[in-house]
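Engineer: structure for the following, please:
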Amino acid sequence: MTEQTLADRIRHAADPAMPQHPDVPTWRMATRDDIDAIHGIEIAAGRVDHPTWTVPRDEIADTFEMSHIDHSRDTVIGFAADGAPVAYGSAIVHPSREVRVQVDISGAVHPDWRRRGIGAQVVQWQYAQALRRLVESGSTLPGTVRAYAEGSNDDAAKLLERHGLQVQRWFTTMERDLSQPVPALEVPEGIVLVPYSSERALQALEARNDAFRDHWGSLPSTTETWQKFVGGPLLRPDLSTLALDGGRIVAFCLGSVNEEDWAALGASHVYIDLIGVVRSHRGRGLAPLVIAQSLRTAAAAGLEKAVLDVDTESPTGAHSLYERLGFVATERERVLVREF
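Structural biologist: Below you'll find the model as predicted:
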C-alpha cells in the first residue's frame with residue numbers, strides 16, 4: 001500500500017460533463033422510474049451482444065435497493081426526442097473496500113442508435129464519474145476501473161481502451177448437454193453432499209469469500225449483496241449442491257434458472273453461478289463432486305443443458321475441469337481494467 005491517496009495518484013478528476021449528442025436531446029440521472037427503460041435498452045442490446053442470455057428485470061430493480069448504489073448520482077440515461085430510451089451508463093463503486101477501491105462501469109446503447117458516437121459520449125461520462133468516485137474515496141488502497149465487453153462487441157472495447165482500460169482477462173461461456181451421462185465420483189470420507197438451504201446463507205457467504213480470495217479480480221461479497229443473490233427468485237436450492245465436512249461448507253455449486261433465457265439459448269437450462277472450494281479442502285476432488293451432483297439433479301428436473309462462465313487463465317485449471325465434465329466452450333467475454 002502507498003501513503004499516497006487515490007486523489008494524489010489520479011490528480012485530475014473533473015466533475016463529469018453530461019453526455020451531449022444531437023440525436024439524444026435529453027440526458028439526466030436515472031431514477032427508480034427508469035427501471036423499465038434501462039431493462040428495455042439491455043434487452044435490445046443483448047439480442048445483438050449476447051443473444052443466448054438476457055438480463056432479468058429483477059437484477060436491475062435490485063440495484064435500486066442496494067445501500068451502496070445511488071443511481072441518481074452514478075447512472076446517466078439518454079432519451080430520443082420522442083421519449084424512447086436510447087442509452088445508459090453506470091459507474092458503481094464496489095461495496096467491498098478491503099483490498100482495493102473498484103468502480104465497475106456498465107451500460108449499453110440501443111442497437112438502433114449505434115454507430116453515431118452516442119456510446120463514446122456515455123463512456124466519457126462513465127470514466128470521468130469513475131475517477132471522481134475513486135478520488136472521493138480518500139483511500140490509499142489501489143484503485144481500479146473495470147468493465148466488461150462481449151467477445152463480439154469490439155466497438156465497446158475500443159471505446160474503453162481510449163480511456164486507458166486494457167484487456168486483462170477473457171472469460172469463456174461453456175455449455176453441457178444434460179442428456180449425456182454424468183460420471184459417478186467417489187465421495188471422500190467425512191464429506192456429505194446436501195442441497196443448498198436458506199438457513200446456511202451466511203455460512204455459504206463465508207465459504208464463498210474464502211474460496212474466491214485468491215481468484216483473479218474477485219472481491220469479497222457483502223452480506224447485503226449476497227442475500228440479494230441467494231434470496232432472489234432465480235436461485236434454485238434444489239439444483240445447488242454443498243459439500244459439508246463436520247457441518248461446515250467446504251465446497252459449493254450454486255445454480256439458478258431464468259426461464260426467460262430458455263428461448264434465447266434454445267434449451268431449458270440451469271446457469272451455474274458459483275463453484276468454489278475453501279482453501280483448506282482443495283486437492284480432494286470436491287469441485288467436480290459438487291458440480292456432478294448439481295448436473296444430476298438438473299437432468300432429473302428435466303432441464304436440457306447446464307451453462308457456466310470460466311476464467312480462461314484460472315490457476316485452478318477450472319477450464320480443463322469443466323471440459324472433463326463434458327462442458328464445451330461457446331462464447332467469450334473480455335474484462336478491461338485500468339489501475340491507479
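
Engineer: the stretch 51-200 of the chain: strands as residue ranges?
Structural biologist: 75-79, 85-93, 101-109, 143-150, 166-177, 191-195 (DSSP state E, counting those that start in this stretch).

Engineer: for the first one, what is the average pLDDT?
Structural biologist: When the per-residue pLDDT values of strand 75-79 are averaged, the result is 98.

Engineer: give me the angle between that strand and strand 101-109.
Structural biologist: 10 degrees (axes from the mean of the first three to the mean of the last three C-alpha atoms, to 10 degrees).

Engineer: neighbouring strands - and their directions - for strand 75-79?
Structural biologist: strand 26-29 (antiparallel), strand 85-93 (antiparallel) (DSSP bridges).

Engineer: picking up where we left off before, of the strands of the stretch 51-200 of the chain, which is nearest residue 319?
Structural biologist: strand 166-177 (6.9 Å; C-beta to C-beta). Glycine gets a C-beta too; all of them are placed from N, C-alpha and C.

Engineer: now the angle between strand 143-150 and the closest one, please.
Structural biologist: 40 degrees.

Engineer: how is the chain divided into domains?
Structural biologist: Per the record, the chain has its domains at 6-164, 173-332, by automatic domain parsing.

Engineer: what about the longest one, how long is it end to end?
Structural biologist: Translated: domain 173-332. Taking C-alpha to C-alpha, to the nearest Å, domain 173-332 runs 6 Å from one end to the other.

Engineer: which helix or strand in this protein has the lowest average pLDDT?
Structural biologist: helix 318-324 (a mean of 88; mean pLDDT, DSSP states H and E).

Engineer: using CSV, write out every CA atom in that one.
Structural biologist: Provided in CSV are the C-alpha atoms of helix 318-324 (Å, rounded to 0.1, in the frame of the first residue of the first chain):
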residue,chain,number,x,y,z
ALA,A,318,-11.1,-24.8,-14.0
HIS,A,319,-11.4,-24.7,-17.8
SER,A,320,-9.9,-28.2,-18.1
LEU,A,321,-12.0,-29.5,-15.2
TYR,A,322,-15.2,-28.4,-16.9
GLU,A,323,-14.1,-30.0,-20.2
ARG,A,324,-13.6,-33.3,-18.4
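
Engineer: make a markdown table from the domains of the chain and add distance to residue 338 to it.
Structural biologist: Formatted as a markdown table, the domains of the chain follow (distance: least, C-beta to C-beta, whole Å):
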| stretch | distance to residue 338 |
| --- | --- |
| domain 6-164 | 5 |
| domain 173-332 | 13 |
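
Engineer: roughly how far does the residue lying closest to residue 32 once chain neighbours are set aside sit from residue 245?
Structural biologist: Closest residue in space to residue 32, ignoring its immediate chain neighbours: residue 64 at 5.0 Å, by C-beta to C-beta, 6 or more residues apart in numbering. Note on residue 64: its distance to residue 245, by C-beta to C-beta, to the nearest Å, is 39 Å.

Engineer: got it, and residue 71?
Structural biologist: 42 Å.

Engineer: tell me the buried residues in the helix or strand containing residue 41?
Structural biologist: Using DSSP states H and E, residue 41 sits in helix 35-49. Residues of helix 35-49 classed as buried by neighbour count (16 or more other C-beta atoms under 10 Å): 35, 37-39, 41-42, 44-46, 49.

Engineer: and if you look at stretch 78-94?
Structural biologist: Those would be 78-80, 85-94, for stretch 78-94 by 16+ other C-beta under 10 Å.

Engineer: what about this protein, any weak spots by pLDDT?
Structural biologist: For the chain, applying pLDDT under 70 flags the ranges 1-2, 315-317.

Engineer: show me the longest helix that occurs in the chain.
Structural biologist: helix 118-137 (DSSP state H).

Engineer: the residue nearest to residue 32: neighbouring residues, count only.
Structural biologist: Applying other C-beta atoms under 10 Å, we find 18 residues neighbouring residue 64.

Engineer: is it true that it touches residue 34?
Structural biologist: No: at 9.0 Å, residue 64 and residue 34 do not qualify as touching, with contact defined as C-beta atoms under 8 Å.

Engineer: touching both of the two, which residues are there?
Structural biologist: Taking C-beta atoms under 8 Å, 6 or more residues apart in numbering as the contact rule, residue 64 and residue 34 both touch residue 71.

Engineer: how close does residue 67 sit to residue 222?
Structural biologist: Counting by C-beta to C-beta - residue 67 and residue 222 are separated by 9 Å.

Engineer: so what sits against both of these two?
Structural biologist: residue 95.

Engineer: between these two, tell me which one has more neighbours.
Structural biologist: residue 222 (17 against 9).

Engineer: got the contact list for that one?
Structural biologist: 68, 95-96.

Engineer: how many neighbours does residue 4 have?
Structural biologist: Residue 4, neighbours per other C-beta under 10 Å, totals 11.
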